[in-house]
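sequence and predicted structure, then a few things I'm wondering about:
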Amino acid sequence: MVNDISDVDRLCRIFCNVIEEIVTARALEDTNGVKLSRAQFDGLQYVYLHPKCCIKDLACGLSVSHPAAVKLVERLESRGLVTRAADKRDRRVVQLKVTRAGSRQAAATIAARGEAIQRIAARAGGECSADLQACLCAFVRAALESEKDTSGVCLRCGGGHSDDCPVCQAELELLGRLRSDSQRTCRH
């Protein structure tokens, strides 16, 4: 086999796998409550961070089709984690909301993921956490060359949004403005 990948590329892919296959997977296993697949957690997290979003927002935020978002909502609803209700202004629009159980599950999993990352950084020793954060911020900002890039990698953090985010800062450099709240999520 020809070795055609650089060490940096390999490390970047390994890093991404560590976050998904170890950190997120363990956070999902360690949190008390309903056992969720990663896709289900991603959906729950999106609704948790975007109160009263609609199915179209969820589909756009997760980059899935509308039918896939509907099925995801049905699964989360059957587990008692989200509810659906018609919008008061436009009854054709279905708004999504996390239940108390869904809110507890999302918050616990997000916290467990953050704690796991902190533990790993502490085990790495030294200034790993600060160095890693600075390196990742610089890397992300250097990678973003267009509005399409910034929109494509945006996490659509909802209530957790910060204008100091490297994606927002890159967008400010590219476009001369920060996103407004209406641009942070998809809207019908």
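Sure thing, it's come through.

for the closest residue to residue 158 other than its chain neighbours, give its distance to residue 102.
Counting by C-beta to C-beta, 6 or more residues apart in numbering, residue 49 is the residue found nearest to residue 158 once chain neighbours are left out, at 3.3 Å. C-beta coordinates here come from the backbone N, C-alpha and C atoms, glycine included. Distance from residue 49 to residue 102, counting by C-beta to C-beta, to the nearest Å: 12 Å.

strands of this structure, residue ranges please.
Under the criterion DSSP state E, the chain contains strands at 82-86, 94-98.

hey, which of those is tucked in deepest?
strand 94-98 (a mean of 20; mean count of other C-beta atoms under 10 Å).

alpha carbons of it, in PDB - could you do that?
Extracted in PDB, the C-alpha atoms of strand 94-98 (Å, rounded to 0.1, in the frame of the first residue of the first chain):
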ATOM      1  CA  VAL A  94     -44.800  22.700  13.400                       C
ATOM      2  CA  GLN A  95     -42.600  23.900  16.200                       C
ATOM      3  CA  LEU A  96     -40.400  21.600  18.200                       C
ATOM      4  CA  LYS A  97     -39.600  21.900  21.900                       C
ATOM      5  CA  VAL A  98     -37.600  19.700  24.300                       C
END
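
who's in contact with the residue nearest the centre of the chain?
Note on the chain: the residue nearest the mean C-alpha position is residue 155, at 4.8 Å, using C-alpha atoms, centre = their mean. Counting by C-beta atoms under 8 Å, 6 or more residues apart in numbering, residue 155 touches residue 167.

and residue 4, what's its pLDDT?
pLDDT, the model's per-residue confidence, is 59 for residue 4.

can you give me the angle the biggest helix by length in the chain makes with strand 82-86?
If you go by DSSP state H, the chain has its longest helix at helix 100-124. If you take axes from the mean of the first three to the mean of the last three C-alpha atoms, to 10 degrees, helix 100-124 sits at 130 degrees to strand 82-86.

distance between helix 100-124 and the chain's centre?
Offset of helix 100-124 from its chain centre (C-alpha atoms, centre = their mean, to the nearest Å): 13 Å.

thanks a lot, catch you later.
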